[in-house]
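Q: sharing a model that was predicted from the sequence below.
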Amino acid sequence: MTPSTVPAREQDAPAAPPLLEVRDIGKVFGGVIALRGVSMLVRAGEVTCVLGDNGAGKSTLIKILSGVHRQDGGEYLLDGTPVRLGGPREALDRGIATVYQDLAMVPLMSVWRNFFLGSEPVTGLLRRFDVARAKRVAREELRAMGIDIRDVDQPVGTLSGGERQSVAIARAVYFGARVLILDEPTSALGVKQAGVVLRYIARARDRGLGVVFITHNPHHAFPVGDRFLLLNRGVSLGQFGKDAITRDELTSLMAGGAELDDLTHELNRQATSPAGERRDPTQA
Amino acid sequence: MTPSTVPAREQDAPAAPPLLEVRDIGKVFGGVIALRGVSMLVRAGEVTCVLGDNGAGKSTLIKILSGVHRQDGGEYLLDGTPVRLGGPREALDRGIATVYQDLAMVPLMSVWRNFFLGSEPVTGLLRRFDVARAKRVAREELRAMGIDIRDVDQPVGTLSGGERQSVAIARAVYFGARVLILDEPTSALGVKQAGVVLRYIARARDRGLGVVFITHNPHHAFPVGDRFLLLNRGVSLGQFGKDAITRDELTSLMAGGAELDDLTHELNRQATSPAGERRDPTQA
Amino acid sequence: AGGAPASAAGGQEGGGTFAVITHGAAGDAFWDVVKNGAEAAGKQYGATVTYQGDGDPPKQAQLIDQAVSQKVDGVVVSMANPDALKEAIGKAVAARIPVVTINSGADKAKEFGAITHVGQSEEVAGRGAGEKLKAEGVTKLLCVIHEAGNVGLDQRCNGATATLGGTVERLQVDVSNLADASSKIKARLQSDTSVNGVLALNPAIAIAARDAIKDGGSKAKLATFDLSADVVDAIEAGEVLFAVDQQQYLQGWLPVTFLYLYKKNLNTVGGGLPVNTGPGFVTKENAAQVAELAQGGTR
Amino acid sequence: MTSVIADERIAGAGRVRRLLIRPELGSVVGAIAVFAFFSAQSPVFRSADGVANWLDPASTLGIMAVAIALLMIGGEFDLSAGVLTGTTGLVMVTLATEYGWNVWAAMLAGLALALAIGFANGVLVVRTKLPSFIVTLGTFLMLQGLNLGVTKALTGTVQVSGLRRAEGYEGARALLAGSVSAGGVDFRVAIFWWIGLTALATWILMRTKAGNWIFAVGGGEQAARAVGVPAARTKIALFMVTATAAWLVGSIMALRFTSVQASAGIGQEFIYIIAAVIGGCLLTGGYGSAIGASIGAVIFGMADKGIVFAGWDADWFKFFLGAMLLLATLANRLVRRYAEEVRR
Amino acid sequence: MTSVIADERIAGAGRVRRLLIRPELGSVVGAIAVFAFFSAQSPVFRSADGVANWLDPASTLGIMAVAIALLMIGGEFDLSAGVLTGTTGLVMVTLATEYGWNVWAAMLAGLALALAIGFANGVLVVRTKLPSFIVTLGTFLMLQGLNLGVTKALTGTVQVSGLRRAEGYEGARALLAGSVSAGGVDFRVAIFWWIGLTALATWILMRTKAGNWIFAVGGGEQAARAVGVPAARTKIALFMVTATAAWLVGSIMALRFTSVQASAGIGQEFIYIIAAVIGGCLLTGGYGSAIGASIGAVIFGMADKGIVFAGWDADWFKFFLGAMLLLATLANRLVRRYAEEVRR
Ligand SMILES: Nc1ncnc2c1ncn2[C@@H]1O[C@H](COP(=O)(O)OP(=O)(O)OP(=O)(O)O)[C@@H](O)[C@H]1O
Ligand SMILES: Nc1ncnc2c1ncn2[C@@H]1O[C@H](COP(=O)(O)OP(=O)(O)OP(=O)(O)O)[C@@H](O)[C@H]1O
Ligand SMILES: [Mg+2]
Ligand SMILES: [Mg+2]
């Protein structure tokens, strides 16, 4: 397996430009270089997984794609034309919906208000906020995800970690888009809920959306990913097509070695003394 | 497999009381019943996994154990004697260290200040905060976890999600305890970092600590867990010993059915039309 | 106003620089007239007059210190709290800067080394008001204080208490919210119908009190300190009995004049004895004449 | 998913508690307590006449408190609001008397100025990202200086007066500063303006897009921005709303007293904030209600006047006022604490 | 793990920017700008005499600003701090003059009272969970009433005076309110107290357990509590520190002016907060520095006195003050913005 300098499937792709493309972008926070010279592209009907260690710059990349941060260098292209996004509002208007890892919700506001925040349904002559509809839709959409919220009036701050995450995902999915960006959407979810989210991702892809999906779980990444972008300490190690990589390679790529299986054996040994272990982290 | 009414291994356990036990506890928030009639026990040298859907009440249970919330009913026993914890300080003083899912860090404070918050090392006659040592230890402990922080003076609010989680775990492990409680410590971590945390858990168990471990990832739960407490919608479905359950049973318990494998097949089919699927969540 | 201070100290064509430092807050109706008087005198003599005021004695003392640093040719100080200003005035005297005290503090002026004192104390003005109200048959008086803890206002009420003979009750209101002041006065009149006189210490409060008396259907008689166009109208309409007029314009004009003469000619007036400026009263009889002047900010 | 008919995880007392959780309900209890207390102290206080009396200052305070509450829910302060009531009044009276403008035209000029100042406040806060506490403190001081400096420069005194003789005065007065007789007692029309604005603000908060945005920019500005809420525009609009309220109150006061002092409104800005906080607004933003702020204004107005009605010693006035405030907010808090437990 | 010698992810300009990121550095730039401005306006301002002059009010303001900064970093406000300086002064002078106490004993009594009030503030805030803005507003009003009511009841006027004649006066004055001559210019000893306390507060914040706790309770109280920080005790202690500072300033003022007015200190509470905010403290807590607050006090003191030195019309004083404040904080902000970009 070798990283494709031109993205996978580039050869057999039609002349149509990708939905979204960034070339050689970087981002510096004060004295910290979070991202340097990263390129990626998002095509309709494909899921691009972004992989990398903690602090590799995945969330930073995502925030540039969705207009929260402005890149410090490089190009941002939508449908092949360079753009400068003015902010998340503009990204949304251009059909880029995002579920953020840390900027998700307004804790003091109720679930239904959060759900429709920024895209409130209006009704009547006075164009008032259609509260009844908002509550109903929020409840239904959450139930469809396997989250049975007691009361959509509950402030988001009092939801459990996974419930909060689900509201953010349900919102992004409900409002549809051309590009759907998900930053670790499944990390706080139960197995059942995570399954539902993966199914949503697959459906979105099948409907022709471009999806960007970040996860640390190879069992979540492999089933849905078409293309894998690898980040390490802020720089790209290249994009790989699904055909260019096996599940085990992916797992080992994500782990920097086939660690988890090793680990299982190691833990099952129930060693009382860690001495002589291959890598003892506490002695590093 | 059947839930053991008396905890697993109860029979062959010596007369020594468990490190920590709760009996029939409940918790109501305003009009919301988060937990009802839950019992569990934590023994030295064992890892108890708490499993359950999103919103099942896992974090609430953990917060009662660690003194953040006071239970509304039921008993809390430490070493067999009923206690009433005055707060997290008291729990810490009695040797219960916790990594919370959502109350982890003070975002504006630097990494090293957060690391030692509440247990500052002091030096000299004036008992001043030993800053040099604090910085050194924080950097070393994080590196041992596979997190190479650029600068321990960076405010925690500017760390990535996984980096933040790692600081909290490193802190709890470093300060040691008799009971170590971890609420979804691995959810935001990369495969490598998660592996390190699992190894820490195993080592803590081997050193004779009682560990409570919450995760949604059966691949993380099974290798280290000795005992599994199942919560559903705020009530307990019982505790299971490791000997009473197989890995597949556990996975299916966590998922409410062997969903993930199903899902993989389903997604690999690349169906363009979701019609006729066994469970289409968007049509629920 | 304006002009570079220290450099101007000697350089200004003959006039000199005088600092007027009072205990009145900026924008206070009474002290504003003092300021106008001082500035007019300065213009007259070609002198530079700087005016500063602060109701907090320590801050007033610091302002005097500042004037001394700037080596002005004379300082005019109102002494509502002589104790607190003693040190600062002492510094000025030690630096050979002539000091004239105004308004209150007549008894300490000489002791502190001032060349003379102009004006009379708030207490005396209050006494005059009390006497006049007594003559009008007021037995129970409401003294409306619009700035809690202000010594000058307190002294006015004390003076009225001393001469009225009846009871004097105090009421605290906020001068920056007249609707509130009006409704408080009304509340007091409604809940205690035996109150038959109101003494306002500020012209704006007088108007609020007038409305309160009218709205509440009370028969209380109203008097006030200081003038405004509205108050003069009200006096002419018989809604306000009289306004105590301390002729404070003189408390600004005269000391600057004295300092100017002292600087030019080493004159001192009255051998250091206090020069009285009031109290005068504006009543229905003389309101018409005063009206124009009040508009111009000199009464 | 199993869909439950009645969720077993909802405790019985839910409905009652849910009602009590509304931000304003605690303050209603506080208001009732204060009313009962002073009614017992003084019969005049509870008479129609007395009520009309303490409602009068509560109305102008209430108009401002509602606007400030919206702003505080949106996460910002406006310390310049109090002195702006003076500025608008001064502008209006000066134009009408010194320059002979029609009162209505002078009022419009005041409104234009107020909107400009509100806009400036908002843009400064949004652009510089300085805390609004500091920015509006700056404009507060500057306006205070302007009020005095310009008034003195134009008239030579510290107040402008004589609005009564201006053209259009009677009509404007009837609309904004007149009174309405009900059962032999005169109630100020400002009371109706206040009630109307409270209802309007409540509707905006609860039932419009804009209301949703206000809660969002106050409760989590970054998150709101990230989902496309125009945070900057929302905040600027809130500052302009506050300025409009200040203009309304300034005009009411000017029309009523026909003269305005250069010091008008100074120090009132904190009373507005106090009313909003007593009414349940969080100082940190994102939580509160317009009705609550109105009730806060009523509590403040009652305590403020009640002490006078009760005839307590004026020297101790502030002491009683402080004690009242503490007790009212404490009652508020106890009611809320019973009703909820929020985790952060 | 690979351990890198020089981390390639740190940008070159790191060191310089790191320096500028310190909360107080922006305010230093502001202070220099204000100083340069007024020095150009008035030669007296920059003379030794002039510096001694504006350092004098800056010193008492600075002592309070440092204490308030600690409290604000700890996430709370104290609006009663200003009036408490008056209360402690009044108690001291009353005891020394009306009851013939020794000045030192009277000062101790004032300290005891201040500590009691600080403790009460703290306990009320911690127990009732009401915002400290409201609680201390309550005590502010109550103290204001007490100051006036008690003073009037005891002396019949609104001020107490005559401390000069009390026993022990000279010694106490030399220690707290005297002056030190340097190069023919008298500097107040309060300036040294101020510098000493700033250094002490900085040390506490940066180099002690307690400092860590202060940042933590202000920046994330729940999180701090969860790791065992005694949040309630920390906050109560902070209120008591503020009260102690108020006592110190009250005593300095009383000893220097030998008399205290019942209205002393009212309105100062906001100036303390302003100084702390100009110096880089966040109003929301968890961030700031003691040195910054001191520099904020200097900026305020310079602007306040500079306007007088420059001889600008007193009517416009507030206007200039407001403009100064805005410009100083803006300069501060621009420097900081250059240096950092914080994500929330
Ligand atoms: N505002 C900021 N200021 C300073 N450094 C920042 C800021 N935001 C991010 N960083 C740094 O940039 C690096 C990349 O962060 P990012 O959040 O993109 O990582 P990530 O790949 O999403 O990690 P994770 O998997 O843990 O979420 C981190 O080391 C972080 O410390
Ligand atoms: N302070 C609170 N007020 C109201 N409801 C609350 C509060 N805290 C928790 N809850 C509710 O209690 C339930 C259990 O929450 P908890 O955080 O314990 O779930 P969890 O099992 O940890 O879920 P997750 O896996 O998603 O983290 C949730 O439905 C949540 O909405
Ligand atoms: Mg991330
Ligand atoms: Mg949880």
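A: Arrived safely. Ligands and ions are numbered 1, 2, ... in the order given.

Q: so where is the stretch 1-150 of chain A shaky, pLDDT-wise?
A: Across the stretch 1-150 of chain A, the ranges flagged by pLDDT under 70 are A:1-15, A:103-104.

Q: quick one: the helices in it, in order.
A: Taking DSSP state H, counting those that start in this stretch as the criterion, the stretch 1-150 of chain A carries its helices at A:58-65, A:88-93, A:111-115, A:131-144.

Q: quick one, phi psi at whichever residue of the stretch 51-200 of chain D sits closest to chain A?
A: Each residue of the stretch 51-200 of chain D has a distance to chain A, by Cβ to the nearest Cβ, and the smallest belongs to D:Ile73, at 9.6 Å. The C-beta positions use only the backbone N, C-alpha and C, and glycine is treated the same way. Dihedral angles phi and psi of D:Ile73 (degrees, to the nearest 10) take the values phi -60, psi -40.

Q: quick check: residues of the stretch 51-200 of chain A near ligand 2?
A: Of all the residues in the stretch 51-200 of chain A, those in contact range of ligand 2 (Cβ under 6 Å from any ligand atom) are A:Thr158, A:Leu159, A:Ser160, A:Gly161, A:Gly162, A:Glu163, A:Ala188.

Q: out of those residues, who's the most crowded?
A: Neighbour counts for these, by other Cβ atoms under 10 Å in any protein chain shown, peak at A:Gly162, which reaches 27 neighbours.

Q: that one touches A:Val191, doesn't it?
A: No: between A:Gly162 and A:Val191 there is no contact, the gap being 11.0 Å when judged by Cβ atoms under 8 Å.

Q: spit out the residues that contact the two alike.
A: Between them, A:Gly162 and A:Val191 share these contacting residues under Cβ atoms under 8 Å, 6 or more residues apart in numbering or on different chains: B:His216.

Q: which residue ranges form the strands in chain A?
A: For chain A, applying DSSP state E gives strands covering A:20-29, A:32-42, A:47-52, A:73-78, A:81-82, A:96-99, A:122-123, A:128-129, A:179-183, A:210-214, A:227-232, A:235-241.

Q: quick check: closest non-adjacent residue to D:Glu76.
A: D:Ser132 (4.0 Å; Cβ to Cβ, 6 or more residues apart in numbering or on different chains).

Q: and that neighbour, how far is that from ligand 4?
A: 35 Å (Cβ to the ion, to the nearest Å).

Q: that residue against D:Ser80, yeah?
A: No: contact status for D:Ser132 versus D:Ser80: not in contact, 9.8 Å apart, counting by Cβ under 8 Å.

Q: these two: which is more packed in?
A: Shown here are D:Ser132 and D:Ser80; by other Cβ under 10 Å, D:Ser80 has more neighbours (30 against 25).

Q: so the more buried one touches D:Phe133, yeah?
A: No: no contact is recorded between D:Ser80 and D:Phe133 when judged using Cβ under 8 Å, the distance being 11.0 Å.

Q: for chain A, which residues are neighbours of ligand 4?
A: Counting by Cβ under 5 Å from the ion, the residues of chain A lying close to ligand 4 are A:Ser160, A:Gly161.

Q: find the closest residue to ligand 3 in chain A.
A: Using Cβ to the ion, the single residue of chain A nearest to ligand 3 is A:Ser59, 3.2 Å away.

Q: show me the contacts for that residue.
A: A:Tyr100, A:Gln101, A:Asp102, A:Asp183, A:Ile214, B:Ser160, B:Gly161.

Q: redo that, cut-off 7 Å
A: A:Gln101, A:Asp183, B:Ser160, B:Gly161 (Cβ atoms under 7 Å, 6 or more residues apart in numbering or on different chains).
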